[in-house]
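Enquirer: Give me the fold of what follows.
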Amino acid sequence: SNEEDSAQLFMQFVEELLNSPQQQSSGNQNKNASASEKELNAPNINVTWEGSKIVHEFIMATKSHNIESESESEDQRRMEQLRYLKIFLDSDMAVLGKQPSAYDHYATLIRREYAHVDHDIYCEKRAEILESFIGSVVNINSDAKKYIYLTTSMRDALEGMAVENLKREIVSLRKGVIPGG
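Expert: You can find the predicted model right below:
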């Protein structure tokens with residue numbers, strides 16, 4: 001529909017905002033969701049409350065990357081929204097699966113964003129966050145393997161490199177070294 005096309009186009013714009021290192025600190029999802037809601041309600045944008053609500057949900061989902069299972073919903077439209085949400089969240093995490101030099105550049109940008117944080121504290125806390133990403137890959141309470149990426153295509157394309165990048169950065173951070181820095 002025209003509304004869904006408008007919402008998808010707007011989410012591409014918002015995704016660019018989300019992937020800016022300056023926008024990835026804690027709490028920015030709330031600011032981005034509010035800003036997108038304001039923009040979507042502008043008179044020249046053809047998105048109803050439902051479309052605005054979906055964009056808000058997508059942005060807020062970048063906080064935890066946890067979503068309900070498609071099988072939990074019997075509503076066909078909701079199942080389609082969840083498929084789009086998986087793609088959206090995978091694109092938010094795509095940077096993790098970049099080639100090492102590009103990933104290291106990203107890590108440098110993240111450090112610049114947190115330049116106000118003491119070096120040792122930054123290294124410790126950043127390593128903990130990255131370990132939680134890897135920790136989500138293997139669920140120790142279940143035989144089921146969990147992945148960083150929610151879609152098969154992104155998993156096939158980027159999962160291995162993402163895990164390597166995360167492990168490499170964690171090792172560096174534990175030594176007090178910031179990749180690319």
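Enquirer: what's around Met154, how many residues?
Expert: 21 (other Cβ atoms under 10 Å). Where you see a C-beta, it was placed from the backbone N, CA and C, and this is true even at glycine.
Enquirer: Which elements pack onto the helix or strand hosting it?
Expert: Met154 is part of helix 152-174, with elements assigned from DSSP states H and E. Applying 3 or more Cβ pairs under 8 Å, 6 or more residues apart in numbering; DSSP states H and E, we find helix 152-174 packed against helix 76-93, helix 100-113, helix 119-135.
Enquirer: Could you list the residues in contact with the last one?
Expert: When contacts are defined by Cβ atoms under 8 Å, 6 or more residues apart in numbering, helix 119-135 is touched by residues 96, 110-111, 114, 117, 148, 163, 166-167, 169-170, 173-174, 176-178.
Enquirer: Scan the residues you listed and report the most crowded one.
Expert: Glu169 (25 neighbours).
Enquirer: Quick one, grab the pLDDT at that one.
Expert: Per-residue confidence (pLDDT) for Glu169: 97.
Enquirer: Could you tell me how many residues sit around Asp104?
Expert: The burial count for Asp104: 19, using other Cβ under 10 Å.
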